[in-house]
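In: Sequence and predicted structure below; questions after.
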Amino acid sequence: MKLGRLNHIGVATPDLDASIAFYRDVMGATDVTEPFVLESQQVRVCFVNTPGENGTAGTQIELLQPTAADSAVGKWLEKNPLGGQHHICYEVPDILEAKAWFEKLGKRVLGEPRVGAHGTLIFFVHPKDMGGQLTEIMETPKGAH
Ligand SMILES: CC[C@@H](C(=O)O)C(=O)SCCNC(=O)CCNC(=O)[C@H](O)C(C)(C)COP(=O)(O)OP(=O)(O)OC[C@H]1O[C@@H](n2cnc3c(N)ncnc32)[C@H](O)[C@@H]1OP(=O)(O)O
Ligand SMILES: [Co+2]
């Protein structure tokens, strides 16, 4: 497998609107997308777009508020009530090849690939097999970069 671009850092929050205000008013973010609900992951989500070099797109912060207490993010917030960095997401050119790669290495892939917030297939690899870091792998959107 060839590691691709760092697509986003997932940040969990108990209050998405307060976090948006924080990124705008404290961090100076100028490009924050409209929140939407992704039922398959039980989250309300939006992106803070950070600028890259020479006008290119930088890495995104993905703000996540759980829509259910017993969801992945809901359970994580129970242990981390202030919120904070929840996962990191890398792009790959071929999601099935990447899944086979991690499985061959004996890493726990959490469920089957499903459509994520960017409209392409994603899967997660268990944090205990990844140096403590919950890792999201997403297929690069067609035509991106
Ligand atoms: C917006 C959509 C999408 C996108 O397109 O980008 C997303 O990003 S959705 C993001 C939310 N979805 C997920 O996180 C799905 C994958 N996660 C899971 O399947 C689960 O959260 C999990 C990782 C399997 C953990 O679930 P579970 O085992 O039920 O929870 P525990 O609390 O018992 O945790 C066990 C163990 O793992 C540690 N842990 C849990 N979450 C994380 C984390 N985010 N980062 C690091 N470590 C984590 C937890 O602390 C436990 O450790 P011990 O206490 O040492 O046992
Ligand atoms: Co994510």
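Out: Happy to help now that I have it. Ligands and ions are numbered 1, 2, ... in the order given.

In: Tell me the residues of the chain that contact ligand 1?
Out: 10, 38, 41, 43, 45, 62, 64, 72-73, 75-76, 86-87, 89, 110, 116-118, 122, 124, 126-128, 132, 134, 136 (CB under 6 Å from any ligand atom). To be clear about C-beta, it is placed using only N, CA and C from the backbone, and glycine gets the same treatment.

In: ok, now with 8 Å
Out: Residues of the chain found near ligand 1 (CB under 8 Å from any ligand atom) are 8, 10, 12, 38, 40-43, 45, 62, 64, 71-73, 75-76, 79, 86-87, 89, 110-111, 116-118, 122, 124, 126-128, 132-134, 136, 138.

In: Neighbour count says what about those? Which are buried?
Out: Among those, the ones that count as buried by 16 or more other CB atoms under 10 Å are 8, 10, 12, 41-43, 45, 62, 64, 72-73, 76, 86-87, 89, 116-118, 122, 124, 134, 136, 138.

In: Could you list which of those belong to helices?
Out: Here DSSP state H is the test, and these give 72-73, 76 as lying in helices.

In: Now the residue in the chain positioned nearest to ligand 2: closest residue in space, sequence neighbours ignored.
Out: Residue of the chain nearest ligand 2, by CB to the ion: G10 (4.1 Å). Excluding the flanking residues, the one nearest G10 by CB to CB, 6 or more residues apart in numbering is H87, at 4.0 Å.

In: helix/strand/coil for the residue lying closest to R5 once chain neighbours are set aside?
Out: Nearest residue to R5, sequence neighbours excluded (CB to CB, 6+ apart): E91, at 4.8 Å. Here E91 is recorded as strand under DSSP: H, G, I helix; E, B strand; the rest coil.

In: Report the contact partners of E91.
Out: 4-7, 138-140 (CB atoms under 8 Å, 6 or more residues apart in numbering).

In: Hmm, V125 is touching I137, no?
Out: Yes: judged on CB atoms under 8 Å, V125 makes contact with I137 at a distance of 6.8 Å.

In: Thanks a lot, catch you later.
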